[in-house]
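Asker: Could you look at this predicted model? Sequence included:
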Amino acid sequence: MVVTAEQIQQHQYLSQLLLISSIPTYLITRYIITAPFGRHVSTSSPWWYGPKINARISWFLFECPNLMWSWYWCWYRREESVLFLEASGDMVHSLWQVRSGDIVVSSNALLVSMFTMHYVNRAILYPVQMSRSSQSVPLVVIISAVIFTSLNGYVQCFYLGHIEKLPPLTISNSDLSFQTLLGIVIFIIGMGINIHSDGVLRNLRLQNDDSDTAKQRRYYIPQGTFFTRISCPNFMGEILEWLGFAIASHFSLPSVAFVLYTASNLIPRGVAHHNWYKRKFENYPVDRKWAIIPFVV
């Protein structure tokens, strides 16, 4: 596939759209309405929210467009992909090479792998491990999420797979791409925080699973580790992931748009969770002053 100037221009417009959409997303979800899923689902939802869909199915539908775009642009249409260090088409040998004793790795392939790894967790592993008593999700939320992930998956994967060939990462003490490595480290730290915190929340729900109906559903105060000072370390971890991704991408427009949109969506939700905890639990820890980012919000 040869990328045309029209395709690159279209990609630029869509990346800008993703970036700009973070502003109304933040304002609406922070000051007008809390996204109606999870603990914020109301029993008397407006008709236009649509029917409620099983939580596990909903989460798969939320996230799978990212995996579909990753497969399509980066692996299925790989003949002229910039993922490879050389246009050999040999996936085994062209993603990394040994040159003059140094191991040279495709930065594009690393970033695509990071992106794919996150969404394998979110689209497959996370839903499978969800509590059976998790709240069903209104159709309007599913549609909104699929629109975002379809747009975001396209701009990230098309950019990394077919537009910009980033400088390769050379594993050598004398020639390290500090910015790329820093971004990868931040991404891994963020993903660890995100997965660990999701596990803490999931284990709380497992204490109350199976026999509960929606009317009997109970919630608990998460404790320990990253929950000591903030209410939503899982959201903080995800923002860190995509900040690291943007750093490793050398602050490309798609990656910057992604991290800003992620923050615009998760910060208001983190604040809503924090306020919900304080309203619901009289014994909510007074030291847990922050919703999602220590000393900020």
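Answerer: Ah, there it is. These numbers come from a predicted model, not from an experiment.

Asker: if I read this right, S136 contacts W59, doesn't it?
Answerer: No. Applying Cβ atoms under 8 Å, one finds S136 not in contact with W59, separated by 11.2 Å. In short, each C-beta sits where N, CA and C put it, glycine included.

Asker: Which of those two has more residues huddled nearby?
Answerer: W59 (23 against 16; other Cβ atoms under 10 Å).

Asker: so what's that one closest to, chain neighbours aside?
Answerer: Of all residues not flanking W59 in the chain, P127 sits nearest, at 4.2 Å (Cβ to Cβ, 6 or more residues apart in numbering).

Asker: Can you tell me how far the one you found is from I293?
Answerer: From P127 across to I293, the span is 27 Å (Cβ to Cβ, to the nearest Å).

Asker: Neighbour count for these two, which is higher?
Answerer: Ranked by neighbour count (other Cβ under 10 Å), P127 and I293 place P127 first, with 21 against 18.

Asker: Okay, helices next: where are they in the stretch 101-250 of the chain?
Answerer: 107-120, 126-129, 139-158, 178-206, 233-248 (DSSP state H, counting those that start in this stretch).

Asker: in the fourth one, what's buried?
Answerer: Residues of helix 178-206 classed as buried under the neighbour-count rule (16 or more other Cβ atoms under 10 Å) are 180, 183-184, 186-187, 190-191, 193-195, 197-198, 200-201, 204-205.

Asker: before we move on, back to that, pipe the helices of the stretch 101-250 of the chain into JSON lines and attach mean pLDDT per row.
Answerer: What follows is these, written out as JSON lines (pLDDT from 0 to 100):
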{"stretch": "helix 107-120", "mean pLDDT": "94"}
{"stretch": "helix 126-129", "mean pLDDT": "92"}
{"stretch": "helix 139-158", "mean pLDDT": "95"}
{"stretch": "helix 178-206", "mean pLDDT": "91"}
{"stretch": "helix 233-248", "mean pLDDT": "96"}
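
Asker: For R77, find the nearest of these.
Answerer: Set against R77 and scored by Cβ to Cβ, the helices of the stretch 101-250 of the chain come closest in helix 139-158, at 9.4 Å.

Asker: tell me which residues of that closest one are tucked away?
Answerer: Buried residues in helix 139-158 (16+ other Cβ under 10 Å): 140-142, 145-146, 148-149, 151-158.

Asker: Equivalent analysis for stretch 282-297, please.
Answerer: By neighbour count on 16+ other Cβ under 10 Å, the buried set for stretch 282-297 is 288, 290-293.

Asker: Tell me how far stretch 289-297 lies from the chain's centre.
Answerer: For stretch 289-297, the separation from the chain centroid amounts to 20 Å (computed by Cα atoms, centre = their mean, to the nearest Å).

Asker: Please read the previous query as pertaining to stretch 265-281.
Answerer: In terms of Cα atoms, centre = their mean, the centre of stretch 265-281 is set 19 Å apart from its chain centre.

Asker: follow-up on the earlier one: what two of the buried residues of stretch 282-297 are the furthest from one another?
Answerer: Pairwise distances across the buried residues of stretch 282-297 (Cβ to Cβ) peak at 13.2 Å, for the pair R288 and I293.

Asker: and for those two, which residues touch both?
Answerer: Counting by Cβ atoms under 8 Å, 6 or more residues apart in numbering, the common neighbours of R288 and I293 are I230.

Asker: Can you report how many residues neighbour V271?
Answerer: By other Cβ under 10 Å, 20 other residues sit near V271.

Asker: Next: the one 4 residues further on.
Answerer: Residues contacting N275 under the criterion other Cβ under 10 Å number 13.

Asker: Name the nearest residue to it, sequence neighbours excluded.
Answerer: A291 is the one closest to N275 (Cβ to Cβ, 6+ apart), at 7.9 Å.

Asker: That neighbour contacts R269, correct?
Answerer: No. A291 lies out of contact with R269 (Cβ under 8 Å); the separation is 9.0 Å.

Asker: so how far is W276 from the residue positioned nearest the centre of the chain?
Answerer: Among the residues of the chain, the one closest to the centroid is E238, at 5.8 Å (Cα atoms, centre = their mean). Going from E238 to W276 by Cβ to Cβ gives 19 Å.
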